[in-house]
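Peer 1: missing the sequence, but the structure's below:
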Ligand code: PHE
């Protein structure tokens with residue numbers, strides 16, 4: 001629909017505002033108003049016409065006001081005459097307003113049409129966080145060997161995090177400086193300090209034999225610096241079966257190291273102490289950058305292992321029979337091994353990142369480097 005050019009005619013003014021116009025004059029005013037309305041073509045001209053023909057100062061409004069000046073017996077007829085004219089004008093306005101609104105809306109919709117199928121610039125595809133990628137990758141390696149993934153809560157019972165794992169009541173790891181306890185202390189709840197409580201949960205919940213890995217967040221009241229985060233990630237592993245030995249543990253750790261870092265990478269163990277494994281060891285990874293060749297070779301230093309040839313990876317050991325017994329397992333028949341390693345450290349080495357904080361500070365330029373699963 002289109003409208004002619006704005007041709008609002010001049011309003012015919014009543015000659016004397018104190019006198020009620022006669023029928024012919026009212027007709028002229030009515031015609032002028034209707035013509036003006038018909039000539040409008042947008043809401044602005046319509047508003048102008050409305051003001052001119054129905055506003056307080058318009059001839060018909062004035063005429064209406066002058067009715068009181070008439071002798072009483074003439075007022076009714078005059079009121080009817082003017083009232084009818086005014087309501088015709090009001091109806092014409094409403095109708096025109098409806099038409100104009102429809103046309104203006106159609107024009108606006110047309111002008112604002114958006115082609116949602118056009119490609120948009122600058123939207124990079126999202127990606128899983130590198131730590132999530134590594135957790136999934138490590139778990140997948142075990143799933144491929146027939147293990148199951150077990151998860152436990154981050155808010156854990158003190159008993160499962162410590163007592164059931166054979167920590168004595170005054171073991172230093174329980175002290176407030178390491179452990180984030182939940183208020184009130186009498187709730188005996190804490191943010192788990194390691195993924196090892198999932199070992200207990202798995203042994204209590206599952207049928208033997210048990211082969212589970214448990215990836216997840218752990219919490220310690222640690223410094224926040226280049227090599228420490230108060231919230232970090234571990235991958236826990238537990239195998240309990242008949243005839244499990246240290247050799248199975250060694251083979252499993254080497255298998256993990258090779259799947260992640262290459263066929264020529266192996267692990268080594270150093271004696272250590274954990275209350276829930278006996279014997280216990282720390283696990284080191286052969287440096288996958290220098291393969292140990294930087295050791296005693298100052299001309300070719302290695303940043304990744306600081307020329308030590310090995311990278312500290314985690315803890316491991318043969319499950320302490322006390323732990324198995326506490327879970328109702330016959331230690332004459334069954335034995336097990338367990339391990340737990342730092343996932344964040346693994347990602348940091350693999351990605352060649354120098355500062356753990358970069359992984360949690362959320363700078364998309366850092367995160368974007370890992371899009372597409374480059375780890
Ligand atoms: N839970 C230990 C830690 O956080 C690691 C570990 C897991 C050690 C399993 C032995 C067996 O340091």
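Peer 2: That came through, no problem. In this text the structure is predicted, and so the values were computed from the model without any measurement. Numbering: from 1, shown residues only.

Peer 1: got the phi and psi for the residue of the stretch 1-150 of the chain found nearest the ligand?
Peer 2: Per C-beta to the nearest ligand atom, residue 150 is where the stretch 1-150 of the chain lies closest to the ligand, at 13.6 Å. (Glycine included, C-beta is placed from N, CA and C.) Backbone torsions of residue 150, given as degrees, to the nearest 10, read phi -120, psi 140.

Peer 1: that one: how many residues sit nearby?
Peer 2: A count of neighbours around residue 150, defined by other C-beta atoms under 10 Å, yields 21.

Peer 1: doesn't residue 196 make contact with it?
Peer 2: No - taking contacts as C-beta atoms under 8 Å, residue 150 lies outside contact range of residue 196: 11.9 Å.

Peer 1: so which bits of this structure are right by the ligand?
Peer 2: 194, 196, 236, 274, 277, 280, 314-317, 338-340 (C-beta under 6 Å from any ligand atom).

Peer 1: if we use 5 Å, what do you get?
Peer 2: Proximity of the chain to the ligand, by C-beta under 5 Å from any ligand atom, involves residues 194, 196, 274, 277, 315, 317, 338, 340.

Peer 1: and the strands in this protein?
Peer 2: Using DSSP state E, the strands of the chain run over residues 148-149, 155-157, 189-191, 210-219, 231-242, 267-274, 277-286, 310-319, 334-342.

Peer 1: give me whichever of the ones you listed is most buried.
Peer 2: strand 334-342 (a mean of 23; mean count of other C-beta atoms under 10 Å).

Peer 1: please compute how far that one lies from its chain's middle.
Peer 2: Relative to its chain's centre, strand 334-342 lies at 34 Å (C-alpha atoms, centre = their mean, to the nearest Å).

Peer 1: what's in contact with that strand?
Peer 2: 194-196, 199, 208-210, 232-246, 248-249, 252-253, 276-277, 283, 313-319, 321, 324 (C-beta atoms under 8 Å, 6 or more residues apart in numbering).

Peer 1: and if we set it to 7 Å?
Peer 2: Identification of contacts with strand 334-342 by C-beta atoms under 7 Å, 6 or more residues apart in numbering yields 194-196, 199, 208, 232, 234-242, 244, 248-249, 253, 277, 283, 313-319, 324.

Peer 1: paired strands for it, with orientation please.
Peer 2: Paired strands of strand 334-342, with direction, are strand 231-242 (antiparallel), strand 310-319 (antiparallel) (DSSP bridges).

Peer 1: between it and strand 210-219, how many degrees?
Peer 2: Counting by axes from the mean of the first three to the mean of the last three C-alpha atoms, to 10 degrees, strand 334-342 lies at 30 degrees to strand 210-219.

Peer 1: between strand 334-342 and strand 277-286, how many degrees?
Peer 2: Inter-element angle recorded for strand 334-342 and strand 277-286: 40 degrees (by the same axes, to 10 degrees).

Peer 1: quick one: mean pLDDT for strand 334-342?
Peer 2: Averaged over strand 334-342, pLDDT sits at 97.

Peer 1: that older thread, and the strands paired with strand 334-342 as TSV, adding mean pLDDT?
Peer 2: Compiled in TSV, the strands paired with strand 334-342 are given as follows (pLDDT from 0 to 100):
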stretch	mean pLDDT
strand 231-242	97
strand 310-319	96
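
Peer 1: got CSV for these, with distance to residue 37 too?
Peer 2: Listed next are the strands paired with strand 334-342 as CSV, based on distance: least, C-beta to C-beta, whole Å:
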stretch, distance to residue 37
strand 231-242, 71
strand 310-319, 85
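
Peer 1: list the buried residues for stretch 359-368?
Peer 2: 359, 367 (16 or more other C-beta atoms under 10 Å).

Peer 1: next: stretch 347-362.
Peer 2: Neighbour counts over stretch 347-362 (16+ other C-beta under 10 Å) mark 347, 348, 349, 350, 351, 353, 356, 358, 359 as buried.

Peer 1: report the residue ranges of every domain in the protein.
Peer 2: According to automatic domain parsing, the chain comprises the domains 23-111, 130-368.

Peer 1: would you single out the least confident of those?
Peer 2: Ranked by mean pLDDT, these bottom out at domain 23-111, which scores a mean of 90.

Peer 1: now the terminal residues of it, how far apart.
Peer 2: Here the two ends of domain 23-111 are set 47 Å apart, with distance taken as C-alpha to C-alpha, to the nearest Å.

Peer 1: gap between residue 50 and residue 97?
Peer 2: Distance from residue 50 to residue 97, counting by C-beta to C-beta, to the nearest Å: 9 Å.

Peer 1: quick one: which of the two has more around it?
Peer 2: Using other C-beta under 10 Å as the criterion, residue 50 and residue 97 rank with residue 50 on top: 20 against 16.

Peer 1: contact partners for that one?
Peer 2: If you count contacts by C-beta under 7 Å, 6+ apart, residue 50 has them with residue 93.

Peer 1: tell me, how many residues neighbour whichever residue of the stretch 151-300 of the chain sits closest to the ligand?
Peer 2: The ligand sits closest to residue 194 of the stretch 151-300 of the chain, with a gap of 3.4 Å, by C-beta to the nearest ligand atom. Applying other C-beta under 10 Å, we find 22 residues neighbouring residue 194.
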